[in-house]
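Peer 1: Fold the following.
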Amino acid sequence: MKRDERPRPRGAASYPVPALERGLAVLEYLDQHPAGRTMIETARDLRLPKNAVFRITLTLLSLGYLERDGGKRLRLGHKTLTLGYGALGEGRSLVEQALEQMRALRDATGETVCLSVLADREGFVLESVPGTHLFRCMVDPGMRQPLHASASGKAILAHLPQSELDTMLPQLQLVRLTPNTITTKAQLREELRSVRDHGYALDRCEHVDGAMCVAAPIFDRRGHAVASLTVTAPVGRMPSEKLSGLGRMVRQHADGISVRLGGSRPGAAR
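Peer 2: Numbering: from 1, shown residues only. Presented below is the predicted three-dimensional model:
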C-alpha cells in the first residue's frame, strides 16, 4: 500500500495540514496556562521542534492571537477572546446580543456604556457605546480593567461560583490606583457581598480619579456570569443620591441581555 493511501482513523481529516494542527495545539496549550508559558516550555510540553514553535508563535503574535507578558512568557491575546465569545447566543456574538440594550441604556442616561468580560484575572472591554455629552468618558474596546477597582470587574467577581472566587482572590494584586481603591482582601470580600445583595457594582473613582461607574452582571443559559454591563461618567454627573436608581436601571438592561442569551439573574422573574 502506498504511503498516502494508508487508512486514517475514523473522524480524522482527509487532508490534514500539519502546520495548522501545530498552531491550534499551541493555542489550546496556552489556553490551559493563563499565566503564560515560554516558547521553550511550549515546545517541550507539546513535544514539537523549537524552530516550529518559534515560527508559529511569532506569526500568532504578529496577528494578535498571542501577546507577551513583558518578558518571555506568551499568553492568549485579545483576538482569541473575541473569537471565543462569538459562539454565544445561537451563533450570534455576545456583542451583537448586547448592542440593542447598550444603546438603549446610553440613550436613557446620555453616558458611555461598555460591555466587559473576565480575561486572565482582569476585565476586558469587548465593546463600548460613547455617551452623548460633549464631555464624556471614553472606554475603548480592548481596554484592560483591574477587577478589584472596576465596577465591571466586581460585578462579575461577585457572581462567580464560590470555589472559583476562593481560587482567584488570593491571586489578585490589589494595587492602589486612587485614594479610593480597595486594597485588602477583607474589604473586597465585603464589597462583593454588597454587590450580590444589590445586584449591581460601583466604582467610586477607584480606578480613575474623577470617573464613576455602575455595572451589573450578565448571565448565560447555564446561570454563569459571563459579562457585565457598565455605565461610566464624570463624578459630577453621578452624585451619590442617583446611584441606587442608576444601579437598578443598569441591572434591568443587563437582565435584558441575559434573556437574549437564554439566561437570567438568579432570583429574577422571567
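
Peer 1: Low-confidence stretches in the chain?
Peer 2: Along the chain, segments meeting pLDDT under 70 span 1-14, 70, 78-79, 81-92, 120, 267-270.

Peer 1: now with 50?
Peer 2: Confidence mapping of the chain against pLDDT under 50 gives the ranges 1-10, 88-91, 270.

Peer 1: Okay, strands next: where are they in it?
Peer 2: Using DSSP state E, the strands of the chain run over 66-68, 74-76, 112-118, 123-129, 144-145, 201-204, 211-219, 225-234.

Peer 1: Residues touching the second one, excluding its own?
Peer 2: Spelled out, it's strand 74-76. Strand 74-76 is contacted by residues 27, 30-31, 33-39, 42, 57, 61, 65-69, 120 when judged by C-beta atoms under 8 Å, 6 or more residues apart in numbering. Heads up, the C-betas are built off the backbone N, CA and C, glycines and all.

Peer 1: what's near enough to touch His33?
Peer 2: The neighbours of His33, taking C-beta under 8 Å, 6+ apart as the test, are Arg75.

Peer 1: Look up how far Val208 lies from it.
Peer 2: 31 Å (C-beta to C-beta, to the nearest Å).

Peer 1: in stretch 117-130, what counts as buried?
Peer 2: Neighbour-count burial for stretch 117-130, counted by 16 or more other C-beta atoms under 10 Å, picks out 117-119, 121-129.

Peer 1: neighbours around Leu61, how many?
Peer 2: 14 (other C-beta atoms under 10 Å).

Peer 1: repeat for Val17
Peer 2: Residues contacting Val17 under the criterion other C-beta under 10 Å number 10.

Peer 1: now it: how far from Leu24?
Peer 2: Plainly put, Val17 is 10 Å away from Leu24 if you go by C-beta to C-beta.

Peer 1: go on, Ser264?
Peer 2: Using C-beta to C-beta, one gets 35 Å for the distance from Ser264 to Leu24.

Peer 1: Those two - which one has more neighbours?
Peer 2: Comparing Ser264 with Leu24 by other C-beta under 10 Å, the one with more neighbours is Ser264, at 16 against 12.

Peer 1: Give me the distance between the more buried one and Ile218.
Peer 2: Distance from Ser264 to Ile218, by C-beta to C-beta: 10 Å.

Peer 1: okay, and the common contacts of these two?
Peer 2: Ser258.

Peer 1: Give me the buried subset of the contacts of strand 74-76.
Peer 2: The neighbour count (16+ other C-beta under 10 Å) marks 27, 30, 36-37, 39, 42, 57, 65-67 as buried among the contacts of strand 74-76.

Peer 1: Would you reformat those residues as TSV and include distance to Phe135?
Peer 2: Below are these laid out as TSV (distance: C-beta to C-beta, whole Å):
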residue	distance to Phe135
Leu27	42
Leu30	41
Gly36	39
Arg37	44
Met39	46
Thr42	47
Thr57	43
Tyr65	37
Leu66	37
Glu67	33
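
Peer 1: I'd like to know which of these is nearest to Leu243.
Peer 2: Comparing the buried ones among the contacts of strand 74-76 against Leu243 with C-beta to C-beta places Glu67 closest, at 35.4 Å.

Peer 1: need the contact list for the closest residue to the closest one other than its chain neighbours.
Peer 2: Excluding the flanking residues, the one nearest Glu67 by C-beta to C-beta, 6 or more residues apart in numbering is Gly77, at 4.2 Å. Residues in contact with Gly77, defined by C-beta under 8 Å, 6+ apart, are 60-61, 64-67.
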